[in-house]
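[1] Sharing a sequence plus its predicted fold:
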Amino acid sequence: MLKEKISSDLKESLKAGDSFRSGVLRMLISVFQNKEIEKRGSGKPAELTEEEVMEILIREAKKRKEAAEIYSKGGRDDLSQKEIQEIELIKKYLPEQLSEQEIEKIVKAAIEKTGAKEQKDFGRVMAEAMKELKGKADAKLTSEIIKKNMGL
């Protein structure tokens, strides 16, 4: 499982003395533990599913992407580069991202399946497309491709 892979990679990075990698992996494990505590508190089984681990990784990568953009706008390229390095490390645990052409193919199939024609159908198309694209494509990019294909 992905969570165990991250734990074993943390042990390796600690042995190798890679403080940057160790710090990022510790942070991820901490987020996993917090989610488990949250689940236990709500009466659910504490063990995280692969899908929950994947969602956490996607969310953490997105946070860093947003932070990197803010830092670069503020002229803090040093901090922006650190966030980008963290993103690259997190991406190693995520599935390969699909190309725009592959996303567009899935989006067209979703539009056809839902029979979408108007702006109000956008949500249904997005939901249908993300069923297949979850973790494999950025939601913002998917949204732009849907709008382009629907003529919005």
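    Happy to help now that I have it.
[2] Quick check: which element contains Glu55?
    Assigned by DSSP states H and E, Glu55 belongs to helix 50-73.
[3] Buried residues in the next helix or strand after that helix, which are they?
    Per DSSP H and E, the first helix or strand lying C-terminal to helix 50-73 is helix 77-91. The neighbour-count check on helix 77-91 (16 or more other CB atoms under 10 Å) flags 80, 82-84, 86-87, 89-90 as buried. All C-beta spots, glycine's among them, are computed from the backbone N, C-alpha and C.
[4] Switch those over to TSV; also include distance to Gly41 and pLDDT.
    Listed next are the buried residues of helix 77-91 as TSV, based on distance: CB to CB, whole Å; pLDDT from 0 to 100:
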residue	distance to Gly41	pLDDT
Ser80	36	94
Lys82	33	95
Glu83	30	95
Ile84	34	95
Glu86	28	95
Ile87	30	93
Leu89	29	94
Ile90	26	93
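[5] Nearest to Ser72 among those residues?
    When the buried residues of helix 77-91 are compared for distance to Ser72 (CB to CB), Ser80 wins out at 4.2 Å.
[6] Give me the nearest residue to the residue most central in space within the chain, chain neighbours excluded.
    For the chain, Ile58 is the residue whose C-alpha lies nearest the centre (CA atoms, centre = their mean; 1.8 Å). For Ile58, ignoring the flanking residues on the chain, the nearest one in space by CB to CB, 6 or more residues apart in numbering is Gly135 at 6.0 Å.
[7] what's the burial count for the one you found?
    Neighbourhood size, Gly135 [other CB atoms under 10 Å]: 13.
[8] That one touches Glu52, doesn't it?
    No: using CB atoms under 8 Å as the test, Gly135 is too far from Glu52 to be in contact (11.6 Å).
[9] what sits in contact with each of the two?
    The contact sets of Gly135 and Glu52 do not overlap (CB atoms under 8 Å, 6 or more residues apart in numbering).
[10] okay, the buried residues of helix 77-91 in JSON lines with distance to Ala16 next?
    Listed next are the buried residues of helix 77-91 as JSON lines, based on distance: CB to CB, whole Å:
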{"residue": "Ser80", "distance to Ala16": "26"}
{"residue": "Lys82", "distance to Ala16": "19"}
{"residue": "Glu83", "distance to Ala16": "22"}
{"residue": "Ile84", "distance to Ala16": "22"}
{"residue": "Glu86", "distance to Ala16": "18"}
{"residue": "Ile87", "distance to Ala16": "21"}
{"residue": "Leu89", "distance to Ala16": "14"}
{"residue": "Ile90", "distance to Ala16": "19"}
